[in-house]
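> The following comprises the amino acid sequence and a computationally predicted model.
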Amino acid sequence: MSSLSKRLFAEAFGTFWLVFGGCGSAVLAAAFPEVGIGLLGVSLAFGLTVLTMAYSVGHISGCHLNPAVTIGLWSGGRFPARDIAPYIIAQLVGAVIAAFILLQIASGQPGFALMGNGLAVNGFGTMSPGGYSMTSALIIEFVLTFGFLMIIMGSTDTRAPSGFAPIAIGLGLTLIHLISIPVTNTSVNPARSTGPALLVGGMALQQLWLFWLAPIAGALVAGGAYRWLASEPVAPPVTGGEI
């Protein structure tokens, strides 16, 4: 196993790549006149960031890139409690750096102004792309993070086909974004939400609590659920009378 410092660097860089690539596609490319990539393109971009990092640093850190994933893997018995805080700190550092660099690039466009929903922040109510309520946001973030953790734990199970986990996880995240961009701009990742929100401030920061609470709750439940689902039955002991 790699040293903790190497694993933390991998987590910071991987989360940087996720936020820079995913949010960057939304901020720089989605609304570009005539050739904007739209919802489908942004969804695919987020999936590709995870897929590429899973193959690049997955063997070093496990490629969590997400505090909810780290906590969910702990809940599922796959990750030690002692490394939870360092991993989350590394993920937050990567996300904030990505959001800062993205802001510097976006600011180079004439007439750019950092609006309340800039940098692809997550939100509900007036901050939701489709105007969805707080209840809708809570439900969809919980459900989709639950599903995401089930995909992660199932595809990385030693009994699953070897070498295909990054594809399943990347496509899973793409599907998640296709479903929920209109509702919350898609989080399922507290670090991804925190980086842009810290720079935008205002309502984005006020609503950030939901994008910690719902994903972590969904991940915790999923970790326990998969642990139960995948557990092997214990064979009853053989006694002399049964031979």
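Sure, I can see it. Residues are numbered from 1 along each chain as shown.
> Leaving out chain neighbours, which residue sits closest to the residue nearest the centre of the chain?
The centroid of the chain falls nearest to residue 189 when counting by CA atoms, centre = their mean (3.7 Å). With CB to CB, 6 or more residues apart in numbering as the criterion, residue 189 has its nearest non-adjacent residue at 4.3 Å, and that residue is residue 66. Yep, even glycine has a C-beta here, placed from its N, CA and C like the rest.
> Hmm, residue 62 is touching residue 79, no?
Yes - using CB atoms under 8 Å, residue 62 makes contact with residue 79 at a distance of 7.5 Å.
> The residue nearest to residue 189 and residue 221: what is the separation?
Separation of residue 66 from residue 221 (CB to CB, to the nearest Å): 16 Å.
> which helices and strands does the helix or strand harbouring residue 175 pack with?
Using DSSP states H and E, the element containing residue 175 is helix 165-184. The contact analysis (3 or more CB pairs under 8 Å, 6 or more residues apart in numbering; DSSP states H and E) places helix 165-184 against helix 38-61, helix 134-155.
> buried ones in the helix or strand following that helix?
Under the assignment DSSP H and E, the closest C-terminal helix or strand after helix 165-184 is helix 190-200. Residues of helix 190-200 classed as buried: 190, 191, 192, 193, 194, 195, 196, 197, 198, 199, 200 (neighbour count, 16 or more other CB atoms under 10 Å).
> Against residue 187, how distant is the last one?
From residue 200 across to residue 187, the span is 14 Å (CB to CB).
> residue ranges with poor pLDDT in the chain?
Within the chain, the stretches with pLDDT under 70 are 33-35, 233-243.
> ok, 80 please
Applying pLDDT under 80 to the chain picks out residues 1, 31-36, 111-113, 115-117, 232-243.
> how far does stretch 115-126 sit from the chain's center?
Centroid separation for stretch 115-126 versus its chain: 17 Å, with CA atoms, centre = their mean, to the nearest Å.
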